[in-house]
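Visitor: my questions concern the predicted model and sequence given below.
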Amino acid sequence: MYPIIHIKGLNIYQGSRLVLRNLNFNIHRGEFVFLIGKTGSGKSSLLKTLYGEIPCRFGKVQVAEFNLNTVVSAELPFLRRKLGIIFQDFQLLMDRTVEENLAFVLRATGWKRKVDIKNRIAEVLMKVGLGWAGKKMPYQLSGGEQQRTAIARALLNDPIVLLADEPTGNLDPEVANEILNLFIEINKAGTAVLMATHNYDFLTKHPTSRVLKCEKGNLLDSFAESDSI
């Protein structure tokens, strides 16, 4: 099966500074992959490259059938509809309810019928354990509940992969474990997950996961790739 993320010979730059060099890896449907490394080692830069915020200048990058070497800005919203992107700071709209946050995304991605929007919002909120929270404002929720809302938002368009950049970094350990378990359940349902994290305890709690480590400009892979494309 063709990988959903295919990277070959990729160099990632921040301005003129080389952050990561000669990256070669694939991620397939249904994989759960941790992305680890020290602060400044390139984790966020790699994720930003995958969703098109950092342009691909050297090497080959294909994500969800989009060639990021040739993608134009008008195509990026269509790429991002295939992805679920989750951040450490939630990035919710604080002046509207949970339902309104989610409806905003659906309308922006082409959903028209109010009944379809309402049903989809109810479905994803139930999936993340927030079926009761639709009418709440984000500031009325705990940090863990806000992150669950952000995960629900990422699931709206049924992505093939979730890209999570330190999604538990602002949460206490018990809540962080609950969020990890939610990602594991989402992954078991078939969605691939690439999660950047500083929490190495997660690796022992989910020891069968693949680990990509950013270290001194290189990317180390705990799974030796047996397939090359």
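Guide: Yes, it's here. Numbers count the residues shown, from 1 in each chain.

Visitor: ok, for residue 76, nearest residue in space, not its chain neighbours?
Guide: Excluding the flanking residues, the one nearest residue 76 by Cβ to Cβ, 6 or more residues apart in numbering is residue 52, at 4.6 Å. No exception for glycine: its C-beta is placed from N, CA and C like everyone else's.

Visitor: now residue 161
Guide: Looking at residue 161 with Cβ to Cβ, 6+ apart, the closest residue is residue 192, at 4.1 Å.

Visitor: for the residue nearest to the spatial centre of the chain, give the beta-bridge partners.
Guide: Geometric centre of the chain, nearest residue: residue 163, 1.4 Å, by Cα atoms, centre = their mean. For residue 163, the beta-bridge assignment (DSSP bridges) gives partners residue 85, residue 194.

Visitor: OK, contacts around it?
Guide: The neighbourhood of residue 163, defined by Cβ atoms under 8 Å, 6 or more residues apart in numbering, consists of 47, 50, 51, 83, 84, 85, 86, 194.

Visitor: for the nearest residue to residue 130 once chain neighbours are set aside, grab phi and psi.
Guide: The shortest distance from residue 130 to any non-neighbouring residue, by Cβ to Cβ, 6+ apart, is to residue 148 (5.4 Å). Backbone geometry at residue 148, expressed as degrees, to the nearest 10, gives phi -60, psi -40.

Visitor: pretty sure residue 148 is touching residue 179, no?
Guide: Yes - the pair residue 148 / residue 179 is scored as a contact, 7.3 Å apart, by Cβ atoms under 8 Å.

Visitor: quick revisit: can you verify my assumption that the residue nearest to residue 161 contacts residue 32?
Guide: Yes - contact status for residue 192 versus residue 32: in contact at 7.4 Å, counting by Cβ under 8 Å.

Visitor: tell me how far the ends of stretch 54-62 are from each other?
Guide: Looking at stretch 54-62, the gap from its leading to its trailing residue is 14 Å under the measure Cα to Cα, to the nearest Å.

Visitor: torsion angles phi and psi at the nearest residue to residue 201 once chain neighbours are set aside?
Guide: The shortest distance from residue 201 to any residue other than its chain neighbours is 7.8 Å, reached at residue 173 (Cβ to Cβ, 6+ apart). When read as degrees, to the nearest 10, the backbone of residue 173 gives phi -60, psi -40.
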